[in-house]
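Visitor: what follows is a predicted structure for the sequence shown.
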Amino acid sequence: MAAVSKRRIWGWMAFDWASQPFYTLGLTFIFGPYFAAVAAEYFLNSGMDSGAAKAQAQAMWSGGQTVSGLFIAFTAPFLGAFADNSGRKIPWIAFFSVVFVLAASSLWMLQPDGTNLFLVLVLFYVGFVASESALNFINAILPSLGTKDEVGRISGSGAAFGYWGGVVSLAIMLLLFVEQDNGRTIFVELEPAFGLNPDEKEGTRFVGPFIAAWFALFMVPFFLWVRDDPNAGGKRTDIKAVAGDLWGTLKSVAQRKSLLNFLLGSMFYRDALNALYAFGGVYAALVLDWSVTQIGVFGVVAAIAAAVTTWIAGLADKRFGPKPVIRVAVWCLILVSVTIIFMSREQLFWVALPIGSSVPDTVFYVCGAVIGGAGGAVYSASRSMMVRHTHPDRPAEAFGLFALSGKATAFLAPAGITLFTWLTGSPQLGFLPVIFLFLLGLVLLWWVKPQGDADEWAVS
């Protein structure tokens with residue numbers, strides 16, 4: 001293929017840097033735990049006991065993830081097919097970027113007393129839908145950035161670059177904005193910047209406008225340096241034609257054993273991974289009683305581990321291919337999930353801990369590093385593996401199917417967590433379904449060809 005300019009590759013990677021704070025700050029380490037704490041207090045004040053209030057807060061968060069995931073699942077393939085037929089991805093990315101910025105900004109409205117609780121939950125997941133939808137089109141550009149052997153390294157480098165964005169943005173929030181119980185930031189002599197009121201948690205709530213401004217600023221290189229291929233597309237874009245092309249692709253998947261098993265396997269292990277991301281901070285808040293600041297420091301550790309490990313995973317992908325990288329990473333995530341289930345303030349794997357023990361905190365910091373590192377490797381290697389199953393003429397549609405496989409069962413992990421949390425009354429035991437999904441994903445990977453089947457399909 002023709003040489004790709006470094007500016008285009010850096011522009012493509014800018015999306016990872018720009019969007020990562022939504023996941024690092026919003027989903028996992030700042031807003032997610034803040035939402036959980038506010039929601040739990042809200043339900044406690046409504047008459048629930050402490051355990052029921054915490055379980056309801058977790059169930060509410062998982063419900064939003066379920067609904068948004070299903071919406072993404074069933075719109076992504078159609079949008080991808082439309083983009084491939086028209087040859088235009090940039091306008092879709094621009095549209096979803098605007099929606100994302102507006103939705104992220106609205107997180108400011110969640111007040112400590114629970115005012116706007118349900119509205120902000122909806123708006124948060126509108127932002128999640130916009131970010132994930134834009135990501136599908138971003139991923140569809142990846143095959144055009146290098147050869148099959150190069151995309152693994154490019155994918156890993158892009159993901160690592162994004163995680164460093166998460167590290168930097170999280171450090172800024174912790175040092176300048178997120179207030180501790182004493183009303184000061186982690187730099188104890190500092191009050192939240194811009195005169196934000198710590199009594200109203202305005203430093204923590206500023207996470208929404210901060211995410212929006214960060215995204216708007218750092219997406220500029222993408223829109224300056226990345227362009228649609230003027231020779232792509234040219235096909236009919238009416239609903240009947242797009243639906244027909246998509247249906248033809250869906251039918252072909254059944255005959256492609258490697259692709260089918262990869263889509264199914266990744267459907268399960270990515271669903272489980274997303275649950276760990278979404279509920280890691282919530283778990284720390286509800287089970288370990290961590291403050292938002294503690295969870296933020298935990299996030300820095302996890303993000304640094306993710307940045308370093310994902311870059312290494314990209315190099316391993318180039319040398320060994322993505323399949324071994326995925327396998328090793330998933331086994332690491334299973335180990336973490338088991339640890340989370342059998343850990344609380346009182347015990348670790350049935351071993352009683354003294355009151356005030358720091359062991360759970362230390363262990364969970366290690367878990368965070370593993371989740372960040374292994375999760376980044378899974379993310380990078382999975383989209384590299386998808387490139388190996390992608391027809392060169394239908395990249396957006398292919399990654400739409402990839403999104404479908406990642407979101408079609410998005411309800412499984414959150415719904416499973418919701419059900420097990422309700423049945424057991426325990427946020428820890430609520431994580432049991434995550435292990436089952438990881439194991440199922442590993443089993444299906446057995447039938448995935450290490451180098452994919454894109455070349456065979458292109459020939460046929």
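Guide: Yep, it's here.
Visitor: only C-alpha atoms from now on, for both contacts and neighbour counts.
Guide: Noted.
Visitor: can you give me phi and psi for residue 351?
Guide: The phi/psi pair for residue 351 (degrees, to the nearest 10) reads phi -100, psi 120.
Visitor: contacting residues around it?
Guide: Going by CA atoms under 8 Å, 6 or more residues apart in numbering, residue 351 touches no other residue.
Visitor: separation between residue 361 and residue 70?
Guide: According to CA to CA, to the nearest Å, residue 361 stands 34 Å off from residue 70.
Visitor: again, but for residue 57
Guide: Plainly put, residue 57 is 21 Å away from residue 70 if you go by CA to CA.
Visitor: ok, these two, which is more surrounded?
Guide: residue 57 (23 against 18; other CA atoms under 10 Å).
Visitor: how about the strands in this protein?
Guide: Ranges of strands within the chain are 347-348, 351-352, based on DSSP state E.
Visitor: quick one: residue 297 from residue 136, how far?
Guide: 30 Å.
Visitor: with residue 194 instead?
Guide: For residue 194 relative to residue 136 (CA to CA), the value is 36 Å.
Visitor: of these two, who's got more company?
Guide: For residue 194 versus residue 136, the count of surrounding residues by other CA under 10 Å is larger for residue 136: 26 against 9.
Visitor: that one contacts residue 398, correct?
Guide: No. Assessed by CA atoms under 8 Å, residue 136 is found out of contact with residue 398, at 9.3 Å.
Visitor: intersection of neighbour lists for the two?
Guide: The contact sets of residue 136 and residue 398 overlap at residue 80 (CA under 8 Å, 6+ apart).
Visitor: which residue lies farthest from the center of the protein?
Guide: residue 354 (35.4 Å; CA atoms, centre = their mean).
Visitor: where does the stretch 101-250 of the chain have low pLDDT?
Guide: Confidence mapping of the stretch 101-250 of the chain against pLDDT under 70 gives the ranges 188, 230-238, 241-242, 245-246.
Visitor: try 90 this time
Guide: Within the stretch 101-250 of the chain, the segments meeting pLDDT under 90 span 135-160, 163, 166-167, 170-171, 174, 180-191, 227-250.
Visitor: which residues in it form helices?
Guide: Assigned by DSSP state H, counting those that start in this stretch, the stretch 101-250 of the chain shows helices spanning 117-141, 148-176, 202-205, 207-218, 220-225, 239-253.
Visitor: most tightly packed of these?
Guide: Most buried of these, by mean neighbour count (mean count of other CA atoms under 10 Å): helix 202-205, with a mean of 25.
Visitor: check contacts around residue 364.
Guide: For residue 364, the contacting residues are residue 340, by CA under 8 Å, 6+ apart.
Visitor: separation between it and residue 402?
Guide: The spacing between residue 364 and residue 402, counted by CA to CA, is 31 Å.
Visitor: for residue 204, same thing?
Guide: According to CA to CA, residue 204 stands 34 Å off from residue 402.
Visitor: please name the nearest non-neighbouring residue to the residue farthest from the centre of the chain.
Guide: In space, and not counting its chain neighbours, residue 354 is closest to residue 346: 7.2 Å by CA to CA, 6 or more residues apart in numbering.
Visitor: thinking that neighbour is in contact with residue 352, fair?
Guide: Yes. Residue 346 is within contact range of residue 352, at 6.0 Å (criterion: CA under 8 Å).
Visitor: the two: who's more crowded?
Guide: residue 346 (16 against 11).
Visitor: check contacts around the residue lying closest to residue 151 once chain neighbours are set aside.
Guide: Spatial nearest neighbour of residue 151, chain neighbours left out: residue 384 (6.1 Å); criterion: CA to CA, 6+ apart. Neighbouring residues of residue 384 by CA under 8 Å, 6+ apart: 151-152, 155, 322.
Visitor: what's the local residue count around the residue nearest to residue 342 when sequence neighbours are not counted?
Guide: Nearest non-adjacent residue to residue 342, counting by CA to CA, 6+ apart: residue 349, 5.0 Å away. Number of residues near residue 349 (other CA under 10 Å) recorded here: 12.
Visitor: ok, residue 189 next?
Guide: Residues lying near residue 189 (other CA under 10 Å) number 8.
Visitor: show me what the helix ranked longest in the chain is packed up against.
Guide: Criterion DSSP state H: the longest helix present in the chain is helix 50-86. Counting contacts by 3 or more CA pairs under 8 Å, 6 or more residues apart in numbering; DSSP states H and E, helix 50-86 packs against helix 31-45, helix 117-141, helix 239-253, helix 257-286, helix 395-407, helix 412-424.
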